[in-house]
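Participant: Show me the folded form of this:
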Amino acid sequence: MTSVFPTAPLRPSAALVAVAAALALPAAYAVTPFVLQDIRIEGLQRTDPGTVFAALPFRVGDTYNDEKAAAALRSLFATGLFKDVRIEVGGGIATVVVEERPTVATVNFVGLKEFDKEPLLKSLKDAGIGEGLPFDKALIDRAEQEIKRQYLSRSLYGAEVTTTVTPIERNRVNITFTMNEGQAARIKQIHIVGAKAFGERKLLDLFDLTTGGWFTWYSKSDRYSRSKLNADLATLRAYYLDRGYLEFAIDSTQVTISPDKQSITITISITEGQPYTVTGVRLEGNYLGKEDEFASLVQIKPGSAYNGEAVTKTVKRFADQFALYGYAFARVEQRPEIDRQNGRVVVVLTAEPQRRVYVRRIEISGNTRTRDEVIRRELRQLEASWYDGDKIKLSRDRVDRLGYFRDVTVDTNEVAGSPDQVDLSFKVEEKPTGNLQVGAGYSNSEKLSLSGSIKQENIFGSGNYLGVELNTARTYRTLSVSTVDPYFTVDGVSRAIDVYYRTSRPLNSSGTSFDLTTPGFAVRFGVPFSELDTVFVGAGVEQTRIGNSSGIPLAYQNYRVLYGSTSFVVPVTLGWQRDGRDSAIAPTTGRYERVNLEWGAAGDVRYLRSNLQYQEFWPLPLRMTLGVNSEVGIGTGLGGQPFPVFKNFYGGGLGSVRVFDQGSLGAVDPTGAYIGGSRKFNLNTSLYFPVPGTGNDRSLRIFAFADTGNVWREGQQIDLASLRVSAGLGLSWISPVGPLQISYGVPIKAEPNDRIQRFQFQIGTAF
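Facilitator: Numbering: from 1, shown residues only. The predicted structure follows:
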C-alpha cells in the first residue's frame, strides 16, 4: 500500500504546505493513475462519514490521480473538522485517514462581573467558539483579544484574560476564560480649549460623559467610551451650529490615561469662528415643477442666526417629500454662500430627484420569536407598489408601536441591474414581552397590601395578549384572566375576552368590612378607524352578590332590601382611544386620550357609567418633562332606579390621588364604610427631572407630584372645597428587574377622618 503523504500528524498550515510540496514532487514519487474500486474512511469518531464523502472530488469508478488527491486534501482541511488528513492507496482502494480536531464541551467564565454571560457566549459562538464546535487555538487567541477590546470599551484598561484548555474524554476540551477585570478608569477632567462665546461649564453640561458624581455608580457616565465621546462631540458641534457658528470646528481631541490606568483626562480643542445671520434661502435644481410646495417646507428663517438643526430638518423634509412621489434616492444638498466681512450667509438648497422607483420585495430579519405575519400585517408600504416615504415611515412606526422590539430600522437597497427597483429591509431586535408586576402600599390601617399580575403581550410570537391579574389588598381582591387577539379579522379588528372574579371589601372607619363578589365574563371588539383612532364595542354578563355580614354598610343594606342580594346585569360597552405618546414607560412628549361608556342594557339593574381620561407630556429645558393626567367618571341610574352602589367609582391611592389610602375617598356610609360614589375626578401633575450626575440618562429620574381629586355620591354637590390635595417626591427607575416607582408625599388638603398612606411603590420585571 502506498502512502500519498507522510503519516506524521500535521497542523492545517503544515498540511497545506505538504499538499503544495506534493504537487511539485518529481514524477518518480507520483501515483500512477488507476480506477477506484473502493473508498474507505478511517479515524472518524463524531463526524458523519457523509461529510467526508461529500468533500471528496472522486467516486468509485473514477480515475484517481495526484491532482484529485491534492484537491481532496484541500477540501477536507477546509471543513475545519480535522487536525490531520492523509490518503493511502493500494490495490485499487483509496483509504482516507483522518484525525479529528477536539470539540468544545463547555465554555466557562471565572471572574466575569462587567458583562452578562449569555450575550458573551453568543458572541463567542458566532466567532466559532461554542459547545459542539471544533476546537481551534487560533480562534481562542482572537477571542481573548475581542474580550479585552470589550473591556477597553468599558474603561477597564487593566483587564487581563487567561484561557485554560482542559482535555477530557472522547477527544473533547473544556475552555475556561479567567478574567481579572481590575478597576475601571474614571474620567477625572474634561477641558474644552478655545471656548469664548459660551462658558466651559455650560458646554460640558451638554455631554453624556462626566467626571465623578453622586450617581455615576449607576450611570457609569464617568467611564470613557470612544463612541460616547464622538456622540458628545457631535452634540457640541450641533450646539454651535444651531447658534450661528457656521464655521465651528473641532481641531483635536486628546485622551490621556494615567500611568496606573485609573484616571483619564480629555482635552478638546475647538475653533468657534464667527456667528452668521441668514439673509435668504434659494432653491436650485429640479423640484419636479413644485417649487412652491417645497418652499413651504423650509424651516430656515431669514433674519435669524444660522441654525444647523433647521437646515437639517429642511433637507430631510425635502427628501421625504421627494419620497412621496417615488424618488427614493433624491439628492438634496445645502450649500452656504458666506459673506465673512458682514457675518451673513445665504443658504442654497440644491435638489436632484434622480429616478422614480417601486418596491420589489420587503424582507424582514431579526424576528427570532415573532412570526413574520405579525410584522407584515402592520406594513402600509406594499410590494410591487411605488415607493412611498410616508407609508414606509408609517409602517416602521406601526411595527415599533407593537412594543415587541427594542429597535426597528428600515434600509433601502438598490436592485442590481434594475435602476427602477428597490428592496426594503426591516430589521427588528426582539425584546422580552412578558411582564411580572408587583405593587405594594403601606399604611397604619392596612399595614402591607400587595398586588401582582403576569402578562405576555406576544404569546408564542403570535402577537396575541394573555394576562393574569391578582390583587391581595384587604379592601379589593381580584382574579382576572384576559386575552386579546389584535387581528381577529384580516382588516385589523381586535377581540378581547375577560373572565374575572372580584371581591370588594370597602373599609369601615372601625376597620371591619363586608364582602361584595362579582364574577363575570366580557368580550370586546376594537375597530380601527384611522392609524391612531380605535373604537371599542363589547358586551358581557356579570353577577354581583352583596354579603350579609354584620359590617354591611347601610347603603348596601338598603339596596339589598329593595333589589335583592344578587343582581344580574348585561353591560354593553362603547369606547374610543388614541395613544400618541413616544413611550408607554417613560414618555417625554405626546398625548393619550380615552373615553369609555358602559350601559346596563339588560338584567336586574339599569345604569349608564362613563369614564374619560386625558394625558399629555411636554419636554422642558434642562431635560425636564411635565406630565398631566386627568380622569373624570360619571354614573347615573336609568329607568327610575338609582345608580347601583356596587358600580361606584373609588378614589385614592396609585392611579388616583396619591397619599390617600386606596379607595378611601368619596362618600362615607353612616356605619363608617367608604363606599365611593357615582362621580369621580382626579388631576395628577408630575414634573420629571434627571438625577444629578446621570447626564441624559432617562432611566433614572426624580419627580415631584401634586394630585387633587375626590369622589362624590349621587345627589351630592360637587364643589372645589371638597377636593383633596396631596404633594410629594418620588424616584422613577427603569431598573434591571423592571420599572420601579417610589413615592412619598403629604396631604395638603384633607379631612380629619381621611385615611393617609404616605409611602407607595410599584415594581415590574420582564421575562
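Participant: Any regions of the stretch 151-300 of the chain where pLDDT drops low?
Facilitator: Scanning the stretch 151-300 of the chain with the threshold set as pLDDT under 70 gives 215, 218.
Participant: To clarify, my last question referred to the stretch 351-500 of the chain.
Facilitator: 435-453, 471-477.
Participant: For it, which segments count as strands?
Facilitator: Taking DSSP state E, counting those that start in this stretch to define them, one finds strands in the stretch 351-500 of the chain at 358-365, 385-386, 405-415, 418-430, 434-443, 447-456, 465-472, 476-485, 494-504.
Participant: May I see the ones you listed organised as TSV, with mean neighbour count and distance to A539 added?
Facilitator: Where C-beta positions appear, they are placed from N, C-alpha and C, glycine not excepted. Formatted as TSV, the strands of the stretch 351-500 of the chain follow (neighbours: other C-beta atoms under 10 Å; distance: least, C-beta to C-beta, whole Å):
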stretch	mean neighbour count	distance to A539
strand 358-365	16	37
strand 385-386	14	39
strand 405-415	14	34
strand 418-430	17	36
strand 434-443	17	28
strand 447-456	15	24
strand 465-472	16	20
strand 476-485	17	16
strand 494-504	17	11
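Participant: can you give me the helices in the stretch 251-400 of the chain?
Facilitator: Remark: helices assigned in the stretch 251-400 of the chain by DSSP state H, counting those that start in this stretch are 291-295, 308-324, 372-376, 389-401.
Participant: L246 is nearest to which of those helices?
Facilitator: Nearest to L246, of all these, is helix 308-324, at 8.0 Å by C-beta to C-beta.
Participant: Can you point out the buried residues in the closest one?
Facilitator: Going by neighbour count (16 or more other C-beta atoms under 10 Å), the buried part of helix 308-324 is 308, 310-311, 314-315, 317-323.
Participant: ditto for stretch 521-534
Facilitator: 522, 524-526, 534.
Participant: need the strands of the stretch 351-500 of the chain in CSV with distance to P571, can you?
Facilitator: Listed next are these as CSV, based on distance: least, C-beta to C-beta, whole Å:
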stretch, distance to P571
strand 358-365, 41
strand 385-386, 44
strand 405-415, 36
strand 418-430, 38
strand 434-443, 26
strand 447-456, 22
strand 465-472, 19
strand 476-485, 15
strand 494-504, 11
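Participant: out of those strands, nearest to A667?
Facilitator: strand 494-504 (14.6 Å).
Participant: neighbouring strands for the closest one, and are they parallel or not?
Facilitator: Its sheet considered, strand 494-504 pairs with strand 476-485 (antiparallel), strand 516-528 (antiparallel) by DSSP bridges.
Participant: wait, V374 sits on G461?
Facilitator: Yes - counting by C-beta atoms under 8 Å, V374 touches G461, with 7.0 Å between them.
Participant: Which one's more surrounded, those two?
Facilitator: V374 (21 against 17; other C-beta atoms under 10 Å).
Participant: Contacts only, for the more buried one.
Facilitator: V374 makes contact with 367, 402, 404, 458, 461-463, according to C-beta atoms under 8 Å, 6 or more residues apart in numbering.
Participant: quick one: which of those sit in helices?
Facilitator: Using DSSP state H, the subset of the contacts of V374 located in helices is empty.
Participant: Tabulate those residues (JSON lines), appending distance to R560.
Facilitator: Converted to JSON lines, these look like this (distance: C-beta to C-beta, whole Å):
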{"residue": "N367", "distance to R560": "55"}
{"residue": "L402", "distance to R560": "47"}
{"residue": "Y404", "distance to R560": "47"}
{"residue": "N458", "distance to R560": "44"}
{"residue": "G461", "distance to R560": "49"}
{"residue": "S462", "distance to R560": "45"}
{"residue": "G463", "distance to R560": "45"}
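Participant: Among those residues, name the buried ones.
Facilitator: Buried among the contacts of V374 (16+ other C-beta under 10 Å): 367, 402, 404, 458, 461, 463.
Participant: Look up how far T271 lies from the fourth one.
Facilitator: This means N458. Separation of N458 from T271 (C-beta to C-beta, to the nearest Å): 51 Å.
Participant: How about the fifth one?
Facilitator: For G461, the distance to T271 equals 54 Å [C-beta to C-beta].
Participant: Of all the residues in stretch 56-71, which ones are buried?
Facilitator: Within stretch 56-71, the residues that qualify as buried are 56, 58, 64, 66, 68-71, counting by 16+ other C-beta under 10 Å.
Participant: Q456 pairs with what?
Facilitator: Beta-bridge partners of Q456, as defined by DSSP bridges: G434, L466.
Participant: pretty sure it is touching Y465, no?
Facilitator: Yes - between Q456 and Y465 there is a contact under C-beta under 8 Å: 7.1 Å.
Participant: Check whether Q741 really touches L731, as I assumed.
Facilitator: Yes - using C-beta under 8 Å, Q741 is in contact with L731, at 7.3 Å.
Participant: Now for the two: what residues contact both?
Facilitator: Common neighbours of Q741 and L731 are not found (criterion: C-beta under 8 Å, 6+ apart).
Participant: ok, then the element right after the helix or strand hosting S726?
Facilitator: For S726, the host element (DSSP states H and E) is strand 724-735. Using DSSP H and E, the next helix or strand after strand 724-735 towards the C-terminus is strand 738-749.
Participant: got the angle for that next one vs strand 724-735?
Facilitator: 160 degrees (axes from the mean of the first three to the mean of the last three C-alpha atoms, to 10 degrees).
Participant: Could you please name the strands strand 738-749 pairs with and the direction of each pair?
Facilitator: The strands beside strand 738-749 in its sheet (DSSP bridges) come out as strand 724-735 (antiparallel), strand 759-766 (antiparallel).
Participant: Go through the strands of the stretch 351-500 of the chain and name the closest to A195.
Facilitator: Proximity to A195, assessed across the strands of the stretch 351-500 of the chain by C-beta to C-beta, is greatest for strand 405-415 (34.8 Å).
Participant: Show me how far that closest one is from its chain's centre.
Facilitator: Averaging C-alpha positions (C-alpha atoms, centre = their mean, to the nearest Å) puts strand 405-415 16 Å from its chain's average.
Participant: what residues are up against the residue nearest the centre of the chain?
Facilitator: A centroid search over the chain (C-alpha atoms, centre = their mean) returns R406, at 2.8 Å, as the residue closest to the centre. Residues in contact with R406, defined by C-beta under 8 Å, 6+ apart, are 429-431.
Participant: so Q37 makes contact with D62?
Facilitator: No - here Q37 lies out of contact with D62, judged by C-beta under 8 Å, at a distance of 10.7 Å.
Participant: Now, the buried residues of stretch 56-71 that are in strands?
Facilitator: Y64 (DSSP state E).
Participant: which of the buried residues of stretch 56-71 sit farthest apart?
Facilitator: Top of the distance list for those (C-beta to C-beta): L56 and D66, 14.7 Å.
Participant: any common contacting residues for V374 and G461?
Facilitator: Joint contacts of V374 and G461 (C-beta under 8 Å, 6+ apart) are N367.
Participant: I257 - nearest residue in space that isn't next to it in sequence?
Facilitator: In space, I257 comes closest to I264 once its chain neighbours are excluded; the distance is 5.3 Å by C-beta to C-beta, 6 or more residues apart in numbering.
Participant: Can you tell me the closest non-neighbouring residue to V346?
Facilitator: Nearest residue to V346 in three dimensions, chain neighbours excluded: E337, at 4.3 Å (C-beta to C-beta, 6+ apart).
Participant: neighbours of the one you found, just the number please.
Facilitator: Counted with other C-beta under 10 Å, residues neighbouring E337 total 12.
Participant: In contact with it, which residues?
Facilitator: Listed by C-beta under 8 Å, 6+ apart, the contact partners of E337 are 345-348.
Participant: Highest neighbour count among those residues?
Facilitator: Within these, V347 tops the neighbour count with 24 neighbours, counted by other C-beta under 10 Å.
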